[in-house]
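Colleague: Pasted the sequence and its predicted model underneath.
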Number of protein chains: 4
Amino acid sequence: MAEENNDKMQEVPTNRVEAFSDGVFAIAITLLILQIKLPAGKIFGDTSLRSHLLKLWPEYFTYCFSFLTIGIYWANHHYIFKFYARTDHTFLVLNLFFLMSVSFLPFPTAVLGEYITDLSHKETAVTFYALGIYLPAFFWCMIWLYASYKGRLIDNKLDKNFVRYLTWLYLISNALYLSSIIISLFSPIASVVITVVLTLLFMLPPKNPRYQDA
Amino acid sequence: MAEENNDKMQEVPTNRVEAFSDGVFAIAITLLILQIKLPAGKIFGDTSLRSHLLKLWPEYFTYCFSFLTIGIYWANHHYIFKFYARTDHTFLVLNLFFLMSVSFLPFPTAVLGEYITDLSHKETAVTFYALGIYLPAFFWCMIWLYASYKGRLIDNKLDKNFVRYLTWLYLISNALYLSSIIISLFSPIASVVITVVLTLLFMLPPKNPRYQDA
Amino acid sequence: MAEENNDKMQEVPTNRVEAFSDGVFAIAITLLILQIKLPAGKIFGDTSLRSHLLKLWPEYFTYCFSFLTIGIYWANHHYIFKFYARTDHTFLVLNLFFLMSVSFLPFPTAVLGEYITDLSHKETAVTFYALGIYLPAFFWCMIWLYASYKGRLIDNKLDKNFVRYLTWLYLISNALYLSSIIISLFSPIASVVITVVLTLLFMLPPKNPRYQDA
Amino acid sequence: MAEENNDKMQEVPTNRVEAFSDGVFAIAITLLILQIKLPAGKIFGDTSLRSHLLKLWPEYFTYCFSFLTIGIYWANHHYIFKFYARTDHTFLVLNLFFLMSVSFLPFPTAVLGEYITDLSHKETAVTFYALGIYLPAFFWCMIWLYASYKGRLIDNKLDKNFVRYLTWLYLISNALYLSSIIISLFSPIASVVITVVLTLLFMLPPKNPRYQDA
């Protein structure tokens, strides 16, 4: 019975974790809009509202980009949770750290939106944003490595080669996100390009899972 | 088995997409209130709090109107999701763009609320709001066109004429929302009237779906 | 089949309305905290942080009170949705207006918290808050009257006397909330007391529903 | 039939309470990021954006810590709700007070983040935060004591010793959180250390429940 309790009682079932994560995704994605602000106080004189709204283009861009990033994480979270057969305490804590880094995204997004057109601070803003984009990728990879190590928490009917494929996919994209932080120290533009391209790659349909022959 | 995986595994089921979209609707609709603000700092002297609260009428109006707009999208989202039998990756990405434009609404709402009574900036504020209202309608229509094209993702028991009816309904209302952007450049008031009337039309009960004779 | 479609397809089922409403309740209740703010900028000199935090007592009070109010609406929403057997379009629109008035609450809460201790603006702040508390009660009552009129949407096994009891309960509490707006024009304190007592009454367990003898 | 109604109709079922609580947890945890702010207005001159971002370290720390705290409450809320077999009105009201104290956390978090490095206000900020951390623990304990008293609302198959174990666990951790408020008056650092250690202890996997022999 202790064994059964272990399974039935101790840990939160995967669908509960998905539901809570969905909530955090939905809120973090919607909070992004609060970072776009008009200058405080009314606009007077000859500066027009139109030019103010147009000058906010970096904020629109970062809004869209962070929105897509979180949306892709949401879709991938559902994709990968089909492979997790059970949870344990460490898994829950790692998922919490992942959600923490997703919820953090609105802040670097605001920083990038405000300073990407600022010559003297552009570099720092891009590095900070690259870091903000890297953190969820890092914890995502940690969750996968922990859960897939010796098949700890994943569906044991999954094909070994498919598991290996995902491991390499996440490790390599991690390395690329990490490299874009380093590149941002030398060329902010190159770093932005790498990050955008990587994210667009993740917008492609994920690979169909393969199962062992029954 | 690959075929079956395709159906069963690769894409997020429609009810998950609905649940996530519901979350975004609920949050975007509730965040609207954060755009109504008292002037920073205490009010002193002879300007009364009452006149301050009364002067906020444009913000109350835009709050109510954007709230109804998002609420109507929510109801219609459930209405139309009954016709989508399955999802695919492009569908998910289009839905994400739709949600992005819904989440964006609090910002043009705040701009309109603050500048609708401002003689020199009124026109820009209305144009920007008309654009903000148009974007969700645009992506809504894109989703429908993509999903209904040759019956790609929709319930294939739906009556062909009913599908055609919805296609025209969305194309025409798109054209009208688009025209209200152009009209706003000449007459802000006329643009606001068109947008309000269009939205009120969508508050009418949607047409009953028709199915092919069994 | 048309008839069946009417039931099955046209309207959002009650549990979807409940889920969306729950989302709005949960967000509106949690956004209340954003209205409590420290003075912008660091505190210097001899004014201590402690006295600042203590001086915020009206904001803590209004936070707690509005939180309880929304929480009670949440519990009562579930209580009453057991009596609604189906929805129709008017019902959905009325529920949307109800949610709009619930989501509006953080704003009068912030106004009351900031001006309740301000001698010259206290009266206006209390009237505005009493109005903010009245609005959800008004739409709540409208939903009930619409749904219960000639048993339009309610469970037809409900005992007639029990239905009549709820009708009177909501009409009377509406009248009392309305009267507290009028009283606030003469005595802010009396108005606050009436509102608090009314809300505390709604914290009492709701009456057990009665059904017709089978 | 009255008896049956009592069970079936009067109170919100435990899974509805869990879902609503989950919503509040997810929103409160995600709102924490809004407390991290850049100084208003652009940065000019020789102060770099980098030094600004680095100086925000206390805000990052408090963000992470409050995020973990709410996340742990979320996990434990699911853990303990498996032992609650039913709800009653008092239980719902106590759970509402618990959620109120969880939703309040972003405010003391912001205060601590802003003043922990401020020599003259550090002590007050830590005391206020310790109070903010204590409140959810207090209501948590109240819920448990109310629900477990003479087995009022808990699963009656739970082992008596296990129930006693949880009672002591919550009473003792309550006493420790309370003591960290008092200690903060003398040594802010010691108080922070106690709070962090206590929270880390709750990150350990909770004890497996024990049931009476069947």
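Modeller: Thanks, I have the structure now.
Colleague: Which helix or which strand is home to residue A:139?
Modeller: Here residue A:139 sits within helix A:122-148, counting by DSSP states H and E.
Colleague: Quick check: next helix or strand after the helix or strand of chain A with the lowest mean pLDDT?
Modeller: Every helix and strand of chain A was ranked by mean pLDDT, DSSP states H and E. The lowest is helix A:2-5, at a mean of 39. Of the helices and strands lying after helix A:2-5 in sequence (DSSP H and E), the nearest is helix A:14-31.
Colleague: check whether that next one contacts chain D.
Modeller: Yes - residues of helix A:14-31 are located near chain D by Cβ under 8 Å from any Cβ of the partner chain, namely A:16, A:19, A:20, A:23, A:24, A:27, A:28, A:31. All C-beta spots, glycine's among them, are computed from the backbone N, C-alpha and C.
Colleague: okay, who's weakest in those by pLDDT?
Modeller: Ranked by pLDDT, the residues of helix A:14-31 next to chain D bottom out at residue A:16 (81).
Colleague: Just after the helix holding residue A:139, pick out the following helix or strand.
Modeller: Per DSSP H and E, the first helix or strand lying C-terminal to helix A:122-148 is helix A:160-184.
Colleague: Quick check: residues of chain A near chain B?
Modeller: Going by Cβ under 8 Å from any Cβ, the residues of chain A near chain B are A:22-23, A:25-27, A:29-34, A:36, A:38, A:40, A:42-43, A:48-50, A:53, A:63-64, A:67-68, A:71, A:74-75, A:78-79, A:82, A:203-206, A:208-211.
Colleague: Among those residues, which lie within helices?
Modeller: A:22-23, A:25-27, A:29-31, A:49-50, A:53, A:63-64, A:67-68, A:71, A:74-75, A:78-79, A:203 (DSSP state H).
Colleague: Could you list which residues are in contact with the spatially closest residue to residue A:31 that is not a sequence neighbour?
Modeller: Using Cβ to Cβ, 6 or more residues apart in numbering or on different chains and skipping residues adjacent in sequence, the residue nearest residue A:31 is residue A:106, 5.3 Å away. For residue A:106, the contact set (Cβ atoms under 8 Å, 6 or more residues apart in numbering or on different chains) comprises A:28, A:31, A:32, A:34, A:35, A:66, D:33, D:34.
Colleague: Mind checking the pLDDT average for the helix holding residue A:139?
Modeller: Helix A:122-148 shows a mean pLDDT of 94 in the predicted model.
Colleague: Output stretch A:164-182 as PDB, restricted to C-alpha atoms.
Modeller: Only the C-alpha atoms of stretch A:164-182 are listed here, as PDB (Å, rounded to 0.1, in the frame of the first residue of the first chain):
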ATOM      1  CA  ARG A 164      18.300  10.900 -27.700                       C
ATOM      2  CA  TYR A 165      17.200  13.200 -30.500                       C
ATOM      3  CA  LEU A 166      15.300  15.500 -28.000                       C
ATOM      4  CA  THR A 167      18.300  15.500 -25.700                       C
ATOM      5  CA  TRP A 168      20.600  16.700 -28.400                       C
ATOM      6  CA  LEU A 169      18.000  19.200 -29.700                       C
ATOM      7  CA  TYR A 170      17.700  20.800 -26.300                       C
ATOM      8  CA  LEU A 171      21.500  20.700 -25.600                       C
ATOM      9  CA  ILE A 172      22.300  22.300 -28.900                       C
ATOM     10  CA  SER A 173      19.700  25.100 -28.700                       C
ATOM     11  CA  ASN A 174      20.900  25.800 -25.200                       C
ATOM     12  CA  ALA A 175      24.400  26.200 -26.400                       C
ATOM     13  CA  LEU A 176      23.200  28.500 -29.200                       C
ATOM     14  CA  TYR A 177      21.100  30.700 -26.800                       C
ATOM     15  CA  LEU A 178      24.200  30.800 -24.500                       C
ATOM     16  CA  SER A 179      26.400  31.800 -27.300                       C
ATOM     17  CA  SER A 180      24.000  34.700 -28.300                       C
ATOM     18  CA  ILE A 181      24.600  36.100 -24.800                       C
ATOM     19  CA  ILE A 182      28.400  36.100 -25.400                       C
END
